[in-house]
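In: task: produce atomic coordinates for the following.
(one chain, ligands or ions: 2)
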Amino acid sequence: MSIHLNAEPGQIAETVLLPGDPLRARHIAETFFENPVQHNSVRGMLGFTGTYKGVRVSVQGTGMGIPSAMIYSEELITQYGCKNLIRVGTCGSYQPHVHVRDIIIGQAASTDSNINRIRFGEKTFAPVADFGLLLAAYQGAVSRGHRVHVGNIMSSDTFYHDDFDQYKIWADFGVLAVEMEAAGLYTVAAKHGARALTILTVSDHLITREETTSEERQLTFNGMIEVALDAALGLGGSS
Ligand SMILES: O=P(O)(O)O[C@H]1O[C@H](CO)[C@@H](O)[C@H]1O
Ligand SMILES: O=c1cc[nH]c(=O)[nH]1
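Out: Ligands and ions are numbered 1, 2, ... in the order given. Presented below is the predicted three-dimensional model:
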């Protein structure tokens, strides 16, 4: 057990999917896992472990924002021995060619968070995805016929900005979309030698202002889950 997880030792698989939304975690377990068992209930941050096509895999909600995601990532890696962490989240598109419901794979994560200034001072750490996981996810997304984009994403500490147009500086530098956790996840994984990836579905668009409903965000973005689970399958694991 750790401070924020009440799973027993060995109850969580080496490969863990990480949605921000704990109800998406339950949806993933109920929809895709064989024999899912709930392994966490602390703070209502649901987590489940089961198998997918015979391979042991877990899903754990992380909550919203870098601090929350870093707590769960740190405890999963250091207390439960998790080695492969795949965030499955939603994001807002910054680019005209990146449409609502497209899939984005976060190759790197820019951020306005102070987490790495606290750690590295004025020097800049570049939080990046694991290349093997990224390649597997990209190939899986293409073979499933998804519209998929790979590149830099923005992990923001704020969902609501005083200046809506502030996103344009990131868009001008090719950043694909905004979410709120990947930079923290990639940094924790780098610190502990774990593998991490972020796969996102575009839930809204900052240019067109198109939006999806909260129900759709919780229940229907199954394409990216299949892509994440396919990438996880290549990692093996005990069944
Ligand atoms: O859908 P999730 O995984 O929660 O991800 C996105 O949605 C939340 C904001 O609505 C933030 O957590 C952001 O990163
Ligand atoms: O963090 C997020 C997630 C989805 N859409 C946004 O605009 N921001």
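In: nearest residue to the middle of this structure?
Out: With distances taken as CA atoms, centre = their mean, Arg87 lies nearest the centre of the chain, 1.7 Å away.
In: wait, does the longest helix belonging to the chain contact ligand 2?
Out: In terms of residue count, the longest helix belonging to the chain (DSSP state H) is helix 66-80. No. Contact of helix 66-80 with ligand 2 is not found when judged by CB under 6 Å from any ligand atom; the minimum separation is 11.0 Å. All C-beta atoms are positioned from the backbone trio N, CA, C, and that covers glycine.
In: what about the closest residue to Leu233 other than its chain neighbours, distance to ligand 2?
Out: Distance criterion CB to CB, 6 or more residues apart in numbering; nearest residue to Leu233, sequence neighbours excluded, is Val55 at 5.4 Å. Here Val55 is placed at a distance of 29 Å from ligand 2 (CB to the nearest ligand atom, to the nearest Å).
In: after the longest helix of the chain, next one along is what?
Out: Where DSSP states H and E defines the elements, the next helix or strand beyond helix 66-80 is strand 84-93.
In: what angle do that next one and helix 66-80 make?
Out: Orientation check (axes from the mean of the first three to the mean of the last three CA atoms, to 10 degrees): strand 84-93 against helix 66-80 gives 170 degrees.
In: number of residues surrounding the residue nearest to Leu233?
Out: Using other CB atoms under 10 Å, the number of residues around Val55 comes to 20.
In: for ligand 2, give me its nearest residue in the protein.
Out: Distances between the chain and ligand 2 by CB to the nearest ligand atom are smallest at Gly92, namely 2.5 Å.
In: three-state assignment of Asp162?
Out: Look at Asp162: counting by DSSP: H, G, I helix; E, B strand; the rest coil, its state is coil.
In: ligand 1 contacts on the chain?
Out: So far as CB under 6 Å from any ligand atom goes, the chain lies against ligand 1 at Pro19, Gly20, Asp21, Met64, Gly89, Thr90, Phe159, Glu179, Met180, Glu181, Arg217.
In: how about those residues, which pair is most distant?
Out: Pro19 and Phe159 (16.2 Å; CB to CB).
In: for Gly50, list each beta-bridge partner.
Out: Val57 (DSSP bridges).
In: contacts only, for it.
Out: Contact analysis of Gly50 by CB atoms under 8 Å, 6 or more residues apart in numbering lists Ala29, Phe33, Glu34, Asn35, Pro36, Val37, Arg56, Val57, Ser58.
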